[in-house]
Structure formats: structure tokens, C-alpha cells
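Enquirer: What follows is a protein structure lacking sequence information:
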């Protein structure tokens with residue numbers, strides 16, 4: 001039988017299409033929601049390495065580079081951050097022709113992603129800090145520097161860094177422990193800058209779109225332990241605090257979240273290994289790496305460190321210490337030297353400005369610049385005994401070392417006395433010498449210098465050793481008020 005092919009008319013074709021479309025419409029209008037397969041949320045393994053308060057120490061960056069590079073061989077989401085205070089404490093860095101440049105260079109070569117801005121970042125002055133920020137291959141952050149009339153460009157307060165699809169929002173603030181709500185640096189280095197309170201500045205980011213999108217929010221601060229505690233207590237959108245300023249070593253939980261610090265002087269590197277799921281840290285381990293004991297080194301960075309350290313003029317012998325001196329004994333050396341140089345009746349020095357001790361053996365310029373790294377000036381003032389005593393007995397008076405006229409605390413007051421123990425008359429005029437850091441911080445008490453010396457306090461300590469007394473033995477000396 002012959003097979004006959006059937007031809008469908010145009011009308012029949014349109015009818016069939018309309019019928020099928022109706023079926024599709026009915027199915028799509030079903031009262032039952034379609035079943036969407038659940039998408040599994042991926043747990044992310046994040047590694048954050050951190051340092052804080054290296055204060056110019058550069059000797060272990062070759063080890064840091066090697067450790068981080070090794071980690072990156074197996075992990076794609078590895079971050080390296082700093083809690084600030086990278087300047088002031090190593091003459092190789094502090095007296096480099098481009099002040100601070102060596103440590104900024106080495107931080108970048110070691111893989112630094114972001115650094116907090118510490119109070120001592122201002123020690124070289126605003127222009128040099130601006131130059132170092134521009135030099136850096138990573139950003140510096142400071143959210144509570146809110147106004148500048150000096151020409152200094154305000155750094156960003158946050159940065160979001162993404163690695164292998166994982167976004168971390170870093171927020172940063174600096175401490176404002178000075179009497180005028182500024183960081184603890186030389187007041188003249190901070191002129192024209194205005195700061196807000198750090199914990200308040202962090203709060204501004206709670207509704208920030210970039211921060212909300214991030215998988216992890218880290219407060220990377222130079223705010224001190226109590227400030228970091230306040231951040232975690234007041235801002236639950238912050239997942240983790242990596243801090244600085246205290247020179248402390250800890251890992252502590254506050255309000256169900258963690259805050260850490262890694263000591264100072266590039267001795268330790270903290271490694272945080274985090275598992276993050278749905279924006280929450282579900283597991284956390286912390287390893288404190290003793291860099292002095294770490295065996296691995298990066299050869300290229302090691303060579304660069306050696307080149308930076310090749311400054312023989314810093315290691316010439318200029319004196320001898322007959323013992324290891326304590327901080328109080330070192331302060332006696334400091335104030336005695338400046339009294340000899342200035343001829344003042346009294347010399348004051350704050351203990352916070354004595355950053356290292358005078359150790360047994362040869363004394364070099366490197367040692368002196370390490371003890372006194374801040375390049376402060378030196379002033380003398382003509383004051384009455386009554387004016388000096390008024391300063392020493394106000395509530396805001398600092399803890400001071402002194403040399404010269406003897407002082408004692410009598411009936412709850414510091415009094416100036418003669419060699420035989422009698423009180424000096426309040427009207428007696430005396431010459432007082434102190435660093436221009438102290439005279440600027442306490443400018444209401446030290447108003448008009450009689451003499452402003454040309455050199456820094458550290459340079460005068462070196463002059464003392466070379467010109468007056470090269471052998472130092474101050475066993476048991478403790479002149480403090």
C-alpha cells in the first residue's frame with residue numbers, strides 16, 4: 001500500500017500552538033512553588049599574618065617573607081597586616097636619608113597588604129609621613145583623622161581587599177591619648193590635624209555598603225587594649241580586632257569575638273587561621289611565631305637588610321658602660337649629660353622618652369639613638385621655684401627623671417630643697433632644661449624658652465660621651481618624681 005503524507009493546514013497549526021501554550025501557562029500558575037535545590041555555602045579558610053609596633057626594626061623581614069611565601073604555596077587567601085608604629089626605634093631607619101624608607105620598602109617586599117597608622121608615624125613630621133605613604137606599595141589607614149588644615153592628605157579609613165573571591169574589610173583608628181585628643185607624638189608634628197575618638201569612628205562604618213558586602217570585617221587598629229575592647233563591646237559588626245600600641249602579646253575573647261596583639265620590635269609574627277562561613281568565624285586558631293628562632297629566610301630580602309644595615313658610622317665606639325643599666329639608671333645618665341651640656345640648675349626627662357637601656361660594654365651612636373630615637377630639640381627656661389613646684393604637683397604632671405636641685409615629696413607635695421634639706425624659697429629663680437617635646441606638651445607651664453639649642457637631645461648625649469665623660473657607671477641611681 002502506498003503511504004500518503006498528511007499536510008497540516010495553517011489554521012490547524014495555529015490551533016495546536018495555542019493549545020500547548022495554554023498547558024504551559026497552567027503549569028506555571030500551579031499553586032505549588034517550584035523546588036529550588038539548596039546551594040551549599042562554602043566554608044572559606046583564611047590566614048592572616050600580623051605584626052605591630054616594630055619601631056623601625058627590620059632584622060626579621062627576610063624570615064617573614066619566607067614564612068608567608070611558604071603559606072601561599074598551599075593557601076590562596078593569605079593576608080599580611082600591621083598594627084602600626086613602624087617608625088622610631090632603629091637609627092638605621094630613623095636616620096636614613098629618606099627617613100623611614102627602609103622599613104616601608106621591606107614591609108612591601110615581605111607582602112604587606114595594609115597597615116594601621118600609629119602615633120609614632122607622625123614623629124618625622126607630616127611631609128615625611130606623606131612621602132612614605134606615597135612610597136608604600138600598600139595602604140595606610142586612619143579613620144579618626146577627620147580634619148587637616150596643614151596640607152597633609154587624610155588617609156582612607158577603610159580598605160576592602162579581595163583574594164580568591166573572599167573580601168575582607170579592614171578599618172583602622174589611632175589612639176588619641178595626648179591631652180588635646182591627639183596621638184602621642186610631638187605636638188608640633190601634629191599641628192593642623194584634628195582627630196575623633198576611635199571607637200566612634202569605627203561605628204560610622206556599620207552601614208557602609210562595602211563593609212556590608214565583605215565576608216569578614218577586621219578592625220586593624222593602633223588603639224590600645226582598652227580601645228580594642230570597647231570596639232568589640234560596642235560594634236558587633238566587627239568580627240576581629242588586630243591591634244597595636246600596648247607592645248603586648250595576647251589573644252583574648254571579648255563579646256564572643258577575638259582581639260590579638262603581637263608584642264613589639266619584630267620579635268613575633270602572629271598567624272591567625274580562620275574558617276569563615278556565612279559571614280561568621282566558625283573556627284579560629286592562633287600561632288605565635290618567634291621570629292628570632294625561625295630558621296627560614298628569603299635570600300633577596302636578607303641581602304637588602306644587610307645593605308640597609310651597612311652603616312659603620314653608627315657603630316663607632318664613643319664610650320664604655322661598666323654595667324647593664326636599668327631604665328632608671330639610664331635616665332640618670334640622660335639627665336646628667338644634658339645638665340652638663342646646658343649648665344641648667346634642673347633637667348627633666350619623661351621616662352617614656354627613654355626607649356632603651358644603656359647596656360654593658362662599648363657605647364656607640366647606634367645605642368644612643370636607640371635610647372633617644374625621637375630627634376627632639378632642647379630648650380631652657382627661667383622659672384621660679386614656686387613655678388617649678390606648681391608644675392610638679394598638678395594632676396597632669398608626668399612621671400619624670402631629673403638631675404640637679406634635689407627634690408623630695410613632703411606632705412603629699414614635691415618640694416625643691418637645698419643640699420642640707422631646707423626648702424628653697426618660692427621666689428628663687430632657677431634655669432630648667434628639658435626636651436622641646438615636654439615643653440610643647442606642657443606649654444601652659446613652659447611658655448617662653450630662654451635658649452633653644454641647635455642639636456637634638458640625642459646628639460648632645462653623644463657630645464657628652466665624647467667631650468666630658470666616656471665611662472658610665474651609675475649603679476643604683478634613681479632620681480625620679
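Expert: Yep, it's here. Here the structure is a predicted model, which is why all the values come from computation and not from measurement.
Enquirer: and residue 287, bridged to which residues?
Expert: residue 271 (DSSP bridges).
Enquirer: isn't it right up against residue 260?
Expert: No - counting by C-beta atoms under 8 Å, residue 287 sits too far from residue 260 to count as a contact (11.0 Å). In this view, the C-beta of every residue, glycine as well, is placed from N, C-alpha and C.
Enquirer: Overlap in contacts, the two.
Expert: Taking C-beta atoms under 8 Å, 6 or more residues apart in numbering as the criterion, residue 287 and residue 260 both touch residue 270.
Enquirer: Of those two, which one has the most company?
Expert: residue 260 (22 against 11; other C-beta atoms under 10 Å).
Enquirer: gap between residue 479 and residue 137?
Expert: Counting by C-beta to C-beta, to the nearest Å, the gap from residue 479 to residue 137 is 47 Å.
Enquirer: okay, those two: which has more neighbours?
Expert: Per other C-beta under 10 Å, whichever of residue 479 and residue 137 has more neighbours is residue 479, with 20 against 12.
Enquirer: correct me, but residue 47 touches residue 79?
Expert: Yes - counting by C-beta under 8 Å, residue 47 touches residue 79, with 7.1 Å between them.
Enquirer: Could you tell me how many residues sit around residue 202?
Expert: Based on other C-beta under 10 Å, the number of other residues close to residue 202 is 28.
Enquirer: list the contacts for it?
Expert: 143, 171, 173, 219, 231, 235, 238.
Enquirer: ok now stretch 84-96, how far from the chain's centre?
Expert: 12 Å (C-alpha atoms, centre = their mean, to the nearest Å).
Enquirer: and if you look at stretch 181-196?
Expert: 15 Å.
Enquirer: What residues of that stretch count as buried?
Expert: Buried residues in stretch 181-196, counting neighbours by 16 or more other C-beta atoms under 10 Å, are found at 182-187, 189-190, 193, 195-196.
Enquirer: circling back to that earlier point, of the contacts of residue 202, closest to residue 211?
Expert: residue 171 (7.4 Å; C-beta to C-beta).
Enquirer: Got the phi and psi for the residue sitting nearest the centre point of the chain?
Expert: Nearest to the mean C-alpha position of the chain, counting by C-alpha atoms, centre = their mean, stands residue 84 at 2.2 Å. Torsion angles at residue 84 (phi, psi; degrees, to the nearest 10) stand at phi 90, psi -180.
Enquirer: quick one: it and residue 319, what's the gap?
Expert: Taking C-beta to C-beta, one finds residue 84 at 34 Å from residue 319.
Enquirer: again with residue 455
Expert: 17 Å.
Enquirer: Which one of these two is surrounded by more residues?
Expert: residue 319 (20 against 14).
Enquirer: tell me the contacts of that one?
Expert: So residue 319 contacts 362-363, 465-466, 469-472 (C-beta under 8 Å, 6+ apart).
Enquirer: so residue 130 touches residue 150, yeah?
Expert: No - the criterion here is C-beta under 8 Å, and residue 130 misses it with residue 150 at 10.0 Å.
Enquirer: Tell me the neighbouring strands of the strand or helix carrying residue 81, and mark each as parallel or antiparallel.
Expert: Using DSSP states H and E, residue 81 falls within strand 78-82. Using DSSP bridges, strand 78-82 pairs in its sheet with strand 44-51 (parallel), strand 114-116 (parallel).
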